[in-house]
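1. Please work out how this folds:
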Amino acid sequence: MTARVARSKDEVVAFEAERDEQLLPHERVESIWALVCEIDRIRGGDGTELRFDRSVARLERRGR
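-> Now for the predicted structure:
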């Protein structure tokens, strides 16, 4: 865990950008999933209902 003191909104944005650059996309997903599992346990869940929504295969932009 890293703690920093930000004295302005610009410093917060810079800290967050620096943190985001250090994580690879799959590492970011893994950390988010760990938080989802922890929140489910806090709420009394057993993890059996947790899953990613597989109904979305891909996103396509509309043609103009």
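2. which helix of this protein spans the most residues?
-> In the chain, with assignment by DSSP state H, the single longest helix is helix 25-42.
3. Please list the outside residues in contact with it.
-> Identification of contacts with helix 25-42 by CB atoms under 8 Å, 6 or more residues apart in numbering yields 20, 23, 47, 49-50. Just so you know, the C-beta spots here come from the backbone N, C-alpha and C atoms, and that holds for glycine as well.
4. Just give me the neighbour total for Phe15.
-> 14 (other CB atoms under 10 Å).
5. same question, Cys37
-> Residue neighbour count, defined by other CB under 10 Å, stands at 13 for Cys37.
6. where does it land on pLDDT?
-> Note for Cys37: predicted pLDDT of 88.
7. separation between it and Gly47?
-> 6 Å (CB to CB, to the nearest Å).
8. shaky segments in the chain?
-> 1, 52-54, 56-57, 59, 64 (pLDDT under 70).
9. Recalculate using a threshold of 80.
-> Scanning the chain for pLDDT under 80 picks out the ranges 1-2, 47-61, 63-64.
10. now the most centrally placed residue in it: how far from Ala6?
-> Most central in the chain under CA atoms, centre = their mean is Ile32, positioned 4.0 Å from the mean C-alpha point. Applying CB to CB, the value for Ile32 to Ala6 is 22 Å.
11. ditto for Asp46
-> Asp46 is 38 Å from Ala6, by CB to CB.
12. which of those two has more neighbours?
-> Using other CB under 10 Å, the more surrounded residue of Asp46 and Ala6 is Ala6, with 12 against 8.
13. show me the contacts for the more buried one.
-> By CB under 8 Å, 6+ apart, the contact list for Ala6 reads 12, 15.
14. Over to Gly44?
-> Contacts of Gly44 (CB under 8 Å, 6+ apart): none.
15. can you tell me the helix or strand for it?
-> Assigned by DSSP states H and E, Gly44 belongs to no helix or strand.
16. Next: Phe15.
-> Using DSSP H and E, Phe15 sits in helix 9-22.
17. Report the angle between that helix and helix 25-42.
-> 110 degrees (axes from the mean of the first three to the mean of the last three CA atoms, to 10 degrees).
18. With that, I have no additional questions.
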